[in-house]
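Enquirer: requesting a structural model of the entry that follows:
(one chain, ligands or ions: 1)
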Amino acid sequence: MACIFCEISSGNAPASFVYKDKDVFGIMSLEQPNPYKVLIIPHAHVENIYELNDDLAASVFQATTKVARAIRDASNCEGLNIVQSNGKAGQQDVFHFHLHILPRFFDDKIIFDWDNKPANREILDSLAKEIRESFL
Ligand SMILES: [Zn+2]
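Expert: The predicted structure follows:
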């Protein structure tokens, strides 16, 4: 099955571009929970964050900061979220890495809702140790 972001990257599917460089492009999201929501996408078909190499990760975030400033200036937003999803459990919908830039307004009624379960220092230290030991 063709990948929609690869099709857009190669010019075979339409999109409303806001940014393009040799590694990354930015397009208007088809879903606009707030106006000016943009997707940042690498041209290369990289499925998720785990497959981004250091250079591409740098390019993605450099483009993200540029586009975030432009969205702020264009929209006069009062805040901004970066959302990036990986895997079905993480609610990834298109399996070509993409990052959402969502401008926010005080009265926009968008809620990121999760239970903030406090953890004690012993648990935090144990989890931190597991993560440190997982670096390759
Ligand atoms: Zn793709």
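Enquirer: all helices of this protein, in order?
Expert: Secondary structure of the chain by DSSP state H: the helices cover 4-9, 54-75, 121-133.
Enquirer: and the first one, which residues are buried?
Expert: By 16 or more other CB atoms under 10 Å, the buried positions in helix 4-9 come out as Phe5, Ile8, Ser9. Every residue, glycine included, has its C-beta placed from N, CA and C.
Enquirer: Lys37 and His98 touch, don't they?
Expert: No - assessed by CB atoms under 8 Å, Lys37 is found out of contact with His98, at 11.8 Å.
Enquirer: which strand residues bridge the residue nearest to the spatial centre of the chain?
Expert: For the chain, the residue nearest the mean C-alpha position is Leu99 (1.6 Å; CA atoms, centre = their mean). Beta bridges link Leu99 to Ile40, judged by DSSP bridges.
Enquirer: quick check: Cys6 touching Phe95?
Expert: No - if you go by CB under 8 Å, Cys6 and Phe95 don't touch, sitting 10.9 Å apart.
Enquirer: settle it for me: which of Lys37 and His98 has more neighbours?
Expert: Legend: neighbour count by other CB atoms under 10 Å for Lys37 and His98, higher for His98 (22 against 19).
Enquirer: now do the contacts for the more buried one.
Expert: Residues in contact with His98 (CB atoms under 8 Å, 6 or more residues apart in numbering) are Phe5, Leu39, Ile40, Ile41, Gln84.
Enquirer: Ala15 and the ion: what is the separation?
Expert: Counting by CB to the ion, to the nearest Å, the gap between Ala15 and the ion amounts to 13 Å.
Enquirer: what about that residue, neighbour count?
Expert: 19.
Enquirer: over to Val18?
Expert: That count, for Val18 with other CB under 10 Å as the rule, works out to 19.
Enquirer: can you tell me, leaving aside adjacent residues, what's nearest to it?
Expert: Of all residues not flanking Val18 in the chain, Gly26 sits nearest, at 4.7 Å (CB to CB, 6 or more residues apart in numbering).
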